[in-house]
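J.: kindly generate the corresponding structure for this input.
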Amino acid sequence: MTDRLEIKGLCKSFAAPVLCDVSLSVAPGEIRGLVGENGAGKSTLINIVTGLLARDSGELLLDGTAFNPRRPRDAAVAGIAVASQELSLVDTLDVSDNLLLRRLPSRLGVVDKARAAAASAALIEQVGLVGVRPDTRVASLSLSERQLLEFAKAIASPSRLLILDEPTAALTTPQAGRLHDIIAKKAAEGTAILYVSHRLNDVRAICHQVSVLRDGRIVRTAAGSEMTLAEMIEAMSGRKPDAVEIDRQVNRSAAPALTARAATTAALPHPIDLDLHGGEILGVAGLAGSGRTELLEALFGMAPLRTGSVTRHEVGGTAGIDSPHTAVENRVGLLSEDRKASGIFAGQSVRFNMSLPALAATAGQIVGRRREIEQVAALIAGLRIRCSDATQDIVQLSGGNQQKILFARWMMRGVDVLLLDEPTRGVDIGAKFDIHSQIRKLADSGCAVMVVSSEIEELTALADRIIVLSAKRIVAGFTERPWDSGRILNAAFRSHVGARHGDGVA
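T.: This next block holds a predicted model:
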């Protein structure tokens with residue numbers, strides 16, 4: 001059988017080599033996993049296959065015929081569909097227009113809105129976009145809803161090759177399971193699938209073969225079921241994975257560092273009461289749309305309170321949090337879930353992106369440039385951020401390294417309360433370990449940390465206490481290990497299927 005996609009000796013360099021003699025093939029009906037650390041070259045390979053980048057050398061074959069895409073349209077016409085990690089949606093258009101942009105149904109030269117709505121509704125239902133209508137404006141969707149929409153857009157029309165770049169990074173376990181069922185069905189129908197993900201257990205479970213990319217080279221290919229997680233990590237990093245100690249001595253402060261009392265916003269209609277203590281890591285679980293992000297936005301002052309209060313408590317007194325400005329003034333930081341839209345400053349350097357909150361805190365003072373440079377250099381080294389130097393434009397870095405910079409931003413500012421929304425979304429396993437280690441160190445130093453994550457495994461690895469949101473309410477609380485993932489998930493579904501016995505409500 002002829003391979004659907006065959007890559008031979010692919011090479012690409014920018015300032016330094018990014019891909020070196022990469023050879024890879026994907027057969028019809030095969031789900032081929034591609035894994036590697038951030039910066040290994042995965043995105044560059046995808047961009048070459050989809051016509052966003054030109055290769056320096058090597059060959060591409062599609063069903064045995066030479067394939068030379070010069071722009072994304074060439075790939076689309078050839079039957080290649082892609083769901084991108086950096087979402088390709090148009091915020092100002094509605095869901096239907098985004099899904100059918102290349103093939104809007106028409107009659108006598110006029111868009112047939114009824115047919116478009118029907119086709120869109122079928123796709124929306126297929127991927128599980130609950131509560132989203134064809135005429136919903138994309139700008140109003142959450143990150144997880146946008147990721148589902150990106151996937152729906154990729155499968156909107158038949159394709160020979162489906163490329164999925166971190167398709168489940170912002171999704172909960174049930175949502176990811178639904179997507180995997182669709183992917184398996186597509187493969188059974190003969191579609192070749194290239195599946196790129198940092199969720200290594202998902203890769204092992206769904207992929208027939210897995211190729212490991214390290215420093216721009218394919219270093220190993222094996223059946224997903226034959227590679228252990230430790231072997232996959234070692235192949236990706238070139239070193240044996242460090243053992244991570246998840247149990248730690250929690251030194252939780254008696255008085256809370258941040259409280260919410262009967263707090264409601266336009267997006268959180270039910271009163272929220274919450275205490276976050278210094279020295280603890282509080283995990284927040286829940287399904288997409290449960291109110292996790294909205295909770296962090298309320299605590300950070302991004303969403304105006306309709307009722308109640310959010311208060312920062314310090315030794316010297318208390319302060320109400322009613323805006324991001326007062327939050328930062330009172331040493332509260334927020335890492336948002338969407339680094340592209342509300343995190344990085346594109347076109348600015350690593351140093352600028354890392355230093356900005358710290359510099360804002362010195363307004364009206366002379367900035368010690370040498371000290372700033374030294375702090376940035378120390379954080380780059382400590383977090384193992386891969387960049388040429390601190391002057392490099394942040395958009396030239398991989399998503400995982402961008403995420404580390406945003407995390408370092410608040411370390412450099414020196415916050416006492418840190419709110420983290422999907423802190424390891426789209427980062428490799430090595431970067432995830434680095435970020436987890438820093439979160440634990442911050443909590444050990446007395447910082448109060450709140451972590452929202454779609455991965456229950458991440459919460460159970462990190463958290464000292466876990467709360468669960470469902471339908472914009474806090475419905476459960478868990479305070480003691482060992483964590484029961486089944487009870488946590490049961491609580492998350494509580495408002496959708498009704499309360500069940502023993503769901504751990506606090």
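
J.: strands along the stretch 251-400 of the chain, start to end?
T.: Residue ranges of the strands in the stretch 251-400 of the chain, as given by DSSP state E, counting those that start in this stretch, are 256-264, 272-277, 281-286, 307-314, 317-320, 332-335.

J.: any chance of these in a markdown table, plus distance to E37?
T.: The way it works is simple: take the backbone N, C-alpha and C, and place the C-beta from them, glycine included. Putting those into a markdown table (distance: least, Cβ to Cβ, whole Å) gives the following:
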| stretch | distance to E37 |
| --- | --- |
| strand 256-264 | 34 |
| strand 272-277 | 32 |
| strand 281-286 | 25 |
| strand 307-314 | 37 |
| strand 317-320 | 41 |
| strand 332-335 | 21 |
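
J.: what's the most buried one of those?
T.: The densest packing among the strands of the stretch 251-400 of the chain, expressed as mean neighbour count by mean count of other Cβ atoms under 10 Å, is seen in strand 281-286 with a mean of 27.

J.: how far is that strand from where the chain is centred?
T.: The gap between where strand 281-286 is centred and where its chain is centred comes out at 16 Å by Cα atoms, centre = their mean, to the nearest Å.

J.: ditto for stretch 340-354
T.: The gap between the average C-alpha position of stretch 340-354 and the chain average comes to 17 Å, counting by Cα atoms, centre = their mean.

J.: with just CA atoms, put it into PDB.
T.: Included here for stretch 340-354 are C-alpha records, laid out as PDB according to Å, rounded to 0.1, in the frame of the first residue of the first chain:
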ATOM      1  CA  LYS A 340      -1.800  34.200  22.600                       C
ATOM      2  CA  ALA A 341      -4.800  36.400  23.200                       C
ATOM      3  CA  SER A 342      -4.200  37.700  26.700                       C
ATOM      4  CA  GLY A 343      -0.700  36.700  27.800                       C
ATOM      5  CA  ILE A 344       2.200  37.500  25.500                       C
ATOM      6  CA  PHE A 345       3.100  40.800  24.000                       C
ATOM      7  CA  ALA A 346       3.900  39.700  20.400                       C
ATOM      8  CA  GLY A 347       6.700  41.600  18.800                       C
ATOM      9  CA  GLN A 348       8.400  42.200  22.100                       C
ATOM     10  CA  SER A 349      11.400  40.500  23.600                       C
ATOM     11  CA  VAL A 350      11.600  37.800  26.200                       C
ATOM     12  CA  ARG A 351      13.000  40.300  28.700                       C
ATOM     13  CA  PHE A 352      10.100  42.800  28.000                       C
ATOM     14  CA  ASN A 353       7.500  40.100  28.400                       C
ATOM     15  CA  MET A 354       9.100  38.800  31.600                       C
END
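
J.: if we can go back for a sec, show me the one of the strands of the stretch 251-400 of the chain that comes nearest A476.
T.: A476 sits nearest to strand 281-286 of all the strands of the stretch 251-400 of the chain, at 8.5 Å, using Cβ to Cβ.

J.: strands paired with the helix or strand K12 falls within, and their directions?
T.: Secondary structure from DSSP states H and E places K12 in strand 5-13. According to DSSP bridges, strand 5-13 forms sheet pairs with strand 17-26 (antiparallel), strand 57-62 (antiparallel).

J.: give me whichever of these is most buried.
T.: strand 17-26 (a mean of 19).

J.: give me the residues contacting it.
T.: Judged by Cβ atoms under 8 Å, 6 or more residues apart in numbering, the contacts made with strand 17-26 from elsewhere in the structure are 3-12, 32, 34, 41, 44-45, 48, 55, 58, 161, 192-194, 211, 213, 215-218.

J.: quick check: PyMOL command selecting the buried ones in these.
T.: Per 16 or more other Cβ atoms under 10 Å, the buried members of the contacts of strand 17-26 correspond to this PyMOL selection:
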select buried, resi 3+4+5+6+7+10+11+12+32+34+41+44+45+48+55+58+161+192+193+194+211+213+216+217+218
